[in-house]
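Engineer: structure for this input, please:
(2 chains)
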Amino acid sequence: MNEIVTPTPSAGPAAATPIATPPPLGLLAELTHRCPLRCLYCSNPLELDARSAELDTDTWKRVFSEAAALGVIHVHLSGGEPTARKDIVELTRHCAEVGLYTNLITSGIGVSDATLDALYKAGLDHVQLSLQGADEGTTEAVGGYRGGFERKAAFARKVVERGFPLTLNAVIHRFNIHQVPALIEAAVAWGAKRLEIAHTQYYGWALKNRGQLMPARADVDRTIVEVEAARERHRGVLTIDAVFPDYYARFPKLCNGGWGARVMSVTPAGLVLPCHAAQTIPHLRFASVRDTALADIWASDPAFEAYRGTAWMKEPCRSCERKHVDYGGCRCQALALTGDAANADPACVKSEFHTMLSDLAVIEAEATPDRAEASYRMFRKDS
Amino acid sequence: MSALADDCVPTLPRGVRLREDHARGGTILVAPERIFTCDEIATEILKRCDGAATLAAIVADLSATFTVGSDQIRPDVEELLINLRDKQMVTL
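Structural biologist: Modelled structure (predicted):
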């Protein structure tokens, strides 16, 4: 058996007709931007969608039906906090009915036992719980919410008791990088089957707070060793997936499996994005599920076409032997740090901005952060 | 000597699903953040892992269906199941 990888287009003569893009494997549904937590690295955009702008139940159901017909396998019910939606059970049931694999990405805060039972009956396949730290103080400092850690521990136990497979996702940065071993032990103790040790990716809120969050190189290196040892120790009990920070990398990551190659995201208000951070690229205009079919957006929307494949590339990407390996890395990071979304991701050694990036990481990691400078996300309640 | 007991019951736990992939063709095994394409042999083995049949019964059924000796089939079945157990995609 083979894990599915995106097929590499053959380098044949220029085709007269464009090759159809294979269908997407995953859909990230950001059901709402409302959330009890205010994490310093939140992956929601700086401009949050108001509750009054959110898609209604029937529109989401139509989106999920279209996604299943298009070939999507995994749907990630996310937010904000997805259980803040009163229709979360109904939406989950609909996804299961149309054959989608459902993954609830939750903070675990404010999810009642009754909701959890109803989600189980509705056919929810998997729960992913965020962890901000391995103790109460860190959890509060990162998420801006008091008492979160104990509530998350209790939630994790309830999830496992009910028979759901549980993944813990811990975003790693300077506040909690020393807690990686404790996070691993918590995952084992709580009965999680998977743990994601995800070093912060610096877009949006995380980019704003980068000076607070950037870890030191030595600490990153230590976590690599800790994760390797834990994988051995807990083989068959806990799967650990790790993403290491690309500011210290030599080559960029294959962002989202390639632009418009494997996944799509839908915002609370219904915009369809090639990746959840794509709105940071200001010249792109995004289609809405309110008036355009998902299949049409996937096939030919200009925002999906913009950086799909390799035709958009400039040097050093255009002639690079890795262009089908990482597709030039992350477009959002290229724009944020070099001013041009079509440049190579500066995480790449071949980028003229690479030294600037690694120097910046070292400088920020060595500085003593002023916690008063931290920007917590704020959600303006409109209803 | 076999690594797995005759009477173990290979089961796909909640969160692991075997399904047709209508859009791309073939059969896939879906787990959290993972999709595996199954070849014909893996598909035949996994669709018999219904949470009731024992390993011995699954091997006997495969042997009868494909008229191949059990002793020829069993090592392949065990290899697949042990591999998937290590990935937490099958319980035994």
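Engineer: next, count neighbours for the residue of the stretch 151-300 of chain A found nearest chain B.
Structural biologist: In the stretch 151-300 of chain A, the residue that lies nearest chain B is residue A:165 (3.5 Å; Cβ to the nearest Cβ). Glycine gets a C-beta too; all of them are placed from N, C-alpha and C. A count of nearby residues for residue A:165, using other Cβ atoms under 10 Å in any protein chain shown, gives 23.
Engineer: pull the number of nearby residues for the spatially closest residue to it that is not a sequence neighbour.
Structural biologist: Closest residue in space to residue A:165, ignoring its immediate chain neighbours: residue B:15 at 3.5 Å, by Cβ to Cβ, 6 or more residues apart in numbering or on different chains. Around residue B:15 there are 24 other residues, counting by other Cβ under 10 Å.
Engineer: list the contacts for residue B:15?
Structural biologist: Residues near residue B:15 by Cβ atoms under 8 Å, 6 or more residues apart in numbering or on different chains: A:125-126, A:164-165, A:193, B:31-32.
Engineer: least trustworthy position among those residues, going by pLDDT?
Structural biologist: Here the lowest pLDDT out of those sits on residue B:32, with 90.
Engineer: list the beta-bridge partners for the closest residue to it other than its chain neighbours.
Structural biologist: Of all residues not flanking residue B:32 in the chain, residue A:126 sits nearest, at 4.6 Å (Cβ to Cβ, 6+ apart). Beta bridges link residue A:126 to residue A:103, judged by DSSP bridges.
Engineer: please report how far residue A:126 lies from residue A:77.
Structural biologist: 10 Å (Cβ to Cβ, to the nearest Å).
Engineer: which residues do these two both contact?
Structural biologist: A:102-104.
Engineer: for those residues, which one is nearest residue A:312?
Structural biologist: residue A:103 (30.8 Å; Cβ to Cβ).
Engineer: isn't that closest one up against residue A:129?
Structural biologist: No. Counting by Cβ atoms under 8 Å, residue A:103 does not reach residue A:129; the two are 11.3 Å apart.
Engineer: list residues touching both of the two?
Structural biologist: By Cβ under 8 Å, 6+ apart, no residue touches both residue A:103 and residue A:129.
Engineer: so which bits of chain B are right by chain A?
Structural biologist: Proximity of chain B to chain A (Cβ under 8 Å from any Cβ of the partner chain) is limited to residues B:13-17, B:19, B:21-24, B:28-30, B:32-39, B:42, B:80, B:85-88.
Engineer: need the pLDDT of residue A:209.
Structural biologist: So, for residue A:209, pLDDT stands at 92.
Engineer: and the strands in chain B?
Structural biologist: Applying DSSP state E to chain B gives strands spanning B:17-20, B:27-31, B:34-38.
Engineer: out of those, which is the most enclosed?
Structural biologist: strand B:27-31 (a mean of 22; mean count of other Cβ atoms under 10 Å in any protein chain shown).
Engineer: so which elements touch that one?
Structural biologist: Under the contact definition 3 or more Cβ pairs under 8 Å, 6 or more residues apart in numbering or on different chains; DSSP states H and E, strand B:27-31 sits against strand B:17-20, strand B:34-38, helix B:40-46.
Engineer: please enumerate residues in contact with that strand?
Structural biologist: A:1, A:4, A:73-74, A:101, B:12, B:15-21, B:35-38, B:42-43, B:46, B:84, B:87-89.
Engineer: so how far is that strand from its chain's centroid?
Structural biologist: For strand B:27-31, the separation from the chain centroid amounts to 12 Å (computed by Cα atoms, centre = their mean, to the nearest Å).
Engineer: contact partners for the residue most central in space within chain B?
Structural biologist: What sits nearest the mean C-alpha location of chain B, by Cα atoms, centre = their mean, is residue B:46, with 3.0 Å. Counting by Cβ under 8 Å, 6+ apart, residue B:46 touches B:12, B:18, B:27, B:29, B:38, B:80.
Engineer: any idea which residue of chain B lies closest to chain A?
Structural biologist: Closest point on chain B to chain A, by Cβ to the nearest Cβ, is residue B:23, at 2.6 Å.
Engineer: the longest helix in chain B is where?
Structural biologist: The residue-count maximum for a helix in chain B (DSSP state H) belongs to helix B:70-86.
Engineer: who are the packing partners of that one?
Structural biologist: Using 3+ Cβ pairs under 8 Å, 6+ apart: helix B:70-86 touches helix B:40-46, helix B:55-66.
Engineer: just the CA atoms of it, as PDB, please.
Structural biologist: Extracted as PDB, the C-alpha positions of helix B:70-86 are listed here (Å, rounded to 0.1, in the frame of the first residue of the first chain):
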ATOM      1  CA  SER B  70      -3.200 -21.000   3.500                       C
ATOM      2  CA  ASP B  71       0.500 -21.300   4.200                       C
ATOM      3  CA  GLN B  72       1.200 -19.200   1.100                       C
ATOM      4  CA  ILE B  73      -1.300 -16.500   2.000                       C
ATOM      5  CA  ARG B  74      -0.700 -16.200   5.700                       C
ATOM      6  CA  PRO B  75       2.700 -14.500   5.700                       C
ATOM      7  CA  ASP B  76       1.300 -11.700   3.400                       C
ATOM      8  CA  VAL B  77      -1.700 -11.200   5.600                       C
ATOM      9  CA  GLU B  78       0.400 -11.000   8.700                       C
ATOM     10  CA  GLU B  79       2.900  -8.600   7.200                       C
ATOM     11  CA  LEU B  80       0.100  -6.200   6.100                       C
ATOM     12  CA  LEU B  81      -1.700  -6.400   9.500                       C
ATOM     13  CA  ILE B  82       1.500  -5.900  11.600                       C
ATOM     14  CA  ASN B  83       2.500  -3.000   9.400                       C
ATOM     15  CA  LEU B  84      -1.000  -1.400   9.900                       C
ATOM     16  CA  ARG B  85      -1.000  -2.200  13.600                       C
ATOM     17  CA  ASP B  86       2.300  -0.200  14.000                       C
END
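Engineer: now do residue A:348 against chain B, distance only.
Structural biologist: 25 Å (Cβ to the nearest Cβ, to the nearest Å).
Engineer: ok, for that residue, nearest residue in space, not its chain neighbours?
Structural biologist: Residue A:348's closest residue in space is residue A:252 (Cβ to Cβ, 6+ apart), at 4.8 Å.
Engineer: can you check the pLDDT for the one you found?
Structural biologist: 93.
Engineer: now residue A:46
Structural biologist: 89.
Engineer: give me the phi and psi for it.
Structural biologist: In this entry, residue A:46 is assigned phi and psi values of phi -60, psi -30 (degrees, to the nearest 10).
Engineer: same check on residue A:142?
Structural biologist: phi -90, psi -40.
Engineer: can you name the residues of chain A that neighbour chain B?
Structural biologist: Within chain A, the positions near chain B by Cβ under 8 Å from any Cβ are A:1-4, A:22-23, A:25, A:70-71, A:73-74, A:99, A:101, A:103, A:125-126, A:128, A:163-165, A:167, A:193-194, A:235-237, A:239, A:241.
Engineer: and the residues you listed, which are buried?
Structural biologist: Among the residues of chain A next to chain B, the ones that count as buried by 16 or more other Cβ atoms under 10 Å in any protein chain shown are A:1, A:4, A:23, A:25, A:70-71, A:73-74, A:99, A:101, A:103, A:125-126, A:128, A:164-165, A:167, A:193-194, A:239, A:241.
Engineer: so which of these are in helices?
Structural biologist: Using DSSP H, those in helices are residue A:70.
Engineer: and the residue of the stretch 51-200 of chain A found nearest chain B, what does it touch?
Structural biologist: Residue of the stretch 51-200 of chain A nearest chain B, by Cβ to the nearest Cβ: residue A:71 (2.6 Å). Going by Cβ under 8 Å, 6+ apart, residue A:71 touches A:22-25, B:21-24.
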